[in-house]
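In: output the structure for:
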Amino acid sequence: MKDDIPKFRKWPIWTDEDVEAVADVVRTGQWWCGAPESHAGEQVWKFQEEFAKFQEVKHAFACTNGTHAIEIALMALGIGIGDEVIVSDWTFLASGSAVISVNAVPIFCDINPETFLMDPVILESLITERTKAIICVHLGGMPCEMDLIMEIARKFNLKVIEDCAHAHGSKYKGKMVGTWGDCGTFSFQASKVITAGEGGAIVCNDEVLAKKIYSVLDSGRLPGKWFYDHFSYGSDFRLGEMNAALLRVQLKRYPQQLKLRNNNALYMNEKLSEIPGVHPQKRDNDVNSCAQYVYPVYFDPDFFGGIGYKKMYEELEKAQIPADACYPPLHSLDLFKDINLMPNVDYNNANWGGEKSNPEKFKNIEKIHANAFELDHRIFLSDKKALDYVVETIKKIKKKYNI
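Out: Have a look, this model is predicted:
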């Protein structure tokens, strides 16, 4: 390794405290949480309280992973067969596949080409008599324009799920993401900003919805009722005690990491925006905090000799910078293009599948995705030397290809 290449922070970050937290659970022999009135272990229940406090919300429910968190939210909100749910087109598969899993139909919303987030104007144009909900995705941790989205949702009486898999602690207009809509969902998968390898959570403020979420999560049970009574359809989405113990330690350290991520991302925004043809994800002035899980950047091909994201990624990898290609747009994935989905569900009215998945119908995301890359969140936990190295490397790549 060259001497001038800085050391980027490794992930996950762990100490002996993490190890002891898990070991303590192992020693107790109580490896599952039990029920609300009859605790076996205590880690899940305590983590839920602590995460709710951190997210400034009344209720938090830990579950198996972030994908299941969205599925649980959809089921608790009564979304089912044939219902249409509008989803951002630029996100990980789970935001769309969760809709498929409840036999509903995702409708893909093109992005704002500056923020890379769901465009509220396009969102409203996609609403039909079948639309029942919106899943807005805070891509990279950057909050969506939640005030506008909620205004549209109220106008058409739609439910709103915030996919906060990237956005633990992100705040918009003084309010935590995940608390604007009916509920918010989170992921604690291995790469996420708070992690236990796997895990997820659903948060909400509504008491009635909270009971439904718990029932779906725990096999249709209800608090205060006999353990073998089941009152509605649900499944076993409970989180294990060892994961919860690890999350409690990770959460305790996270506020300091969040501050560092946020400040370093602001610094990177400033430096990259000075390079002609380089456009990091736009941050609205109303964003108070951004978790900065990944950091998407669009580079104008006219300033980079026409190279696409694959060549850019090769150059960044050669420079040993933690980076990746961005998520492929959902409408471009084979399972949606080929409609290889649930049997006996009518997808004819979807805005994707066959010819409807034509890139011309999703112009904003197709343009951005062709020339975008993501910087890994480890960069934003590193020092200024590492940030400057990334900026200088992108300048060198531009000079190399801008002939």
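In: in the helix ranked longest in the chain, which residues are buried?
Out: When the chain is parsed with DSSP state H, its longest helix is helix 241-273. Residues 241-251, 254, 257-258, 260-262, 264-265, 268-269, 271-272 are the ones in helix 241-273 that count as buried (16 or more other CB atoms under 10 Å). In short, each C-beta sits where N, CA and C put it, glycine included.
In: now the helices: where do they sit in the stretch 151-300 of the chain?
Out: Listed in chain order, the helices of the stretch 151-300 of the chain (DSSP state H, counting those that start in this stretch) span 207-217, 241-273.
In: closest one to residue 50 among those helices?
Out: helix 241-273 (5.9 Å; CB to CB).
In: where are the low-confidence patches of the protein?
Out: Low-confidence segments of the chain, defined by pLDDT under 70: 1-3, 403.
In: can you tell me the closest non-neighbouring residue to the most centrally placed residue in the chain?
Out: In the chain, the C-alpha nearest the mean C-alpha coordinate belongs to residue 165, at 2.7 Å (CA atoms, centre = their mean). Using CB to CB, 6 or more residues apart in numbering and skipping residues adjacent in sequence, the residue nearest residue 165 is residue 187, 3.8 Å away.
In: got it, and residue 381?
Out: Spatial nearest neighbour of residue 381, excluding adjacent residues (CB to CB, 6+ apart): residue 9 at 4.0 Å.
In: now the one you found: phi and psi?
Out: phi -60, psi 130 (degrees, to the nearest 10).
In: surely the residue nearest to the centre of the chain and residue 98 touch.
Out: No - Residue 165 is not in contact with residue 98 according to CB atoms under 8 Å; the separation is 11.0 Å.
In: any shared contact partners between those two?
Out: By CB atoms under 8 Å, 6 or more residues apart in numbering, residue 165 and residue 98 have no common neighbours.
In: what residues go with each domain of this structure?
Out: With domains defined by automatic domain parsing, the chain comprises 16-250, 254-401.
In: which among the ones you listed is found nearest to residue 5?
Out: Of all the domains of the chain, domain 254-401 comes closest under CB to CB, at 5.3 Å.
In: measure that closest one end to end?
Out: End-to-end distance for domain 254-401, by CA to CA, to the nearest Å: 39 Å.
In: buried sites along the host helix or strand of residue 45?
Out: Element membership of residue 45, judged by DSSP states H and E, is helix 43-55. Neighbour-count burial for helix 43-55 flags 43, 44, 45, 46, 47, 48, 50, 51, 52, 54, 55 (criterion: 16+ other CB under 10 Å).
In: can you tell me how far the closest residue to residue 301 other than its chain neighbours is from residue 280?
Out: Of all residues not flanking residue 301 in the chain, residue 371 sits nearest, at 5.2 Å (CB to CB, 6+ apart). The gap separating residue 371 from residue 280 is 13 Å, by CB to CB, to the nearest Å.
In: identify the contacts common to these two.
Out: Joint contacts of residue 371 and residue 280 (CB under 8 Å, 6+ apart) are residue 298.
In: as CSV, could you dump the C-alpha coordinates of whichever strand or helix holds residue 96?
Out: Assigned by DSSP H and E, residue 96 belongs to helix 94-101. What follows is helix 94-101 as a C-alpha-only set of coordinates in CSV (Å, rounded to 0.1, in the frame of the first residue of the first chain):
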residue,chain,number,x,y,z
ALA,A,94,-36.5,-4.8,0.0
SER,A,95,-38.5,-1.5,-0.3
GLY,A,96,-40.3,-3.0,-3.3
SER,A,97,-40.2,-6.8,-2.4
ALA,A,98,-41.8,-6.2,0.9
VAL,A,99,-44.9,-4.8,-1.0
ILE,A,100,-44.9,-8.0,-3.2
SER,A,101,-44.7,-10.2,0.0
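In: can you pull the buried residues of it?
Out: 94, 95, 96, 97, 98, 99, 100, 101.
In: what's next to the one helix or strand residue 150 maps to, contact-wise?
Out: If you go by DSSP H and E, residue 150 is part of helix 146-156. Outside helix 146-156, the residues that touch it by CB under 8 Å, 6+ apart are 118, 120, 123-124, 127, 131, 134, 136, 158-160, 162, 172-173, 175, 177, 180-181.
In: among those residues, which are in strands?
Out: Filtering these for membership in strands, criterion DSSP state E, returns 131, 134, 136, 159, 160, 162, 172, 175.
In: which one of these is nearest residue 355?
Out: Nearest to residue 355 among those: residue 131, at 22.3 Å, using CB to CB.
In: that closest one contacts residue 105, correct?
Out: No - between residue 131 and residue 105 there is no contact, the gap being 9.6 Å when judged by CB under 8 Å.
In: which elements pack onto the helix holding residue 45?
Out: Judged by 3 or more CB pairs under 8 Å, 6 or more residues apart in numbering; DSSP states H and E, the packing partners of helix 43-55 are strand 59-63, strand 200-204, helix 241-273.
In: and it with helix 241-273, angle?
Out: 30 degrees (axes from the mean of the first three to the mean of the last three CA atoms, to 10 degrees).
In: output stretch 166-185 as PDB, nothing but the C-alphas.
Out: Taking C-alpha atoms only, stretch 166-185 is exported to PDB below (Å, rounded to 0.1, in the frame of the first residue of the first chain):
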ATOM      1  CA  HIS A 166     -30.100   4.300   6.200                       C
ATOM      2  CA  ALA A 167     -31.300   7.100   8.400                       C
ATOM      3  CA  HIS A 168     -30.900   6.300  12.100                       C
ATOM      4  CA  GLY A 169     -31.000   9.700  13.800                       C
ATOM      5  CA  SER A 170     -31.600  11.800  10.600                       C
ATOM      6  CA  LYS A 171     -33.700  14.800  11.300                       C
ATOM      7  CA  TYR A 172     -35.800  17.100   9.000                       C
ATOM      8  CA  LYS A 173     -37.300  20.400  10.100                       C
ATOM      9  CA  GLY A 174     -36.600  19.500  13.800                       C
ATOM     10  CA  LYS A 175     -38.400  16.200  13.600                       C
ATOM     11  CA  MET A 176     -36.800  12.700  13.500                       C
ATOM     12  CA  VAL A 177     -37.400  10.700  10.300                       C
ATOM     13  CA  GLY A 178     -39.600   7.700  11.100                       C
ATOM     14  CA  THR A 179     -42.000  10.000  13.100                       C
ATOM     15  CA  TRP A 180     -43.500  11.900  10.200                       C
ATOM     16  CA  GLY A 181     -45.500   9.100   8.700                       C
ATOM     17  CA  ASP A 182     -47.600   6.400  10.300                       C
ATOM     18  CA  CYS A 183     -44.500   4.500  11.100                       C
ATOM     19  CA  GLY A 184     -40.800   4.200  10.300                       C
ATOM     20  CA  THR A 185     -38.700   1.100   9.700                       C
END
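In: that concludes my questions; thank you for your assistance.
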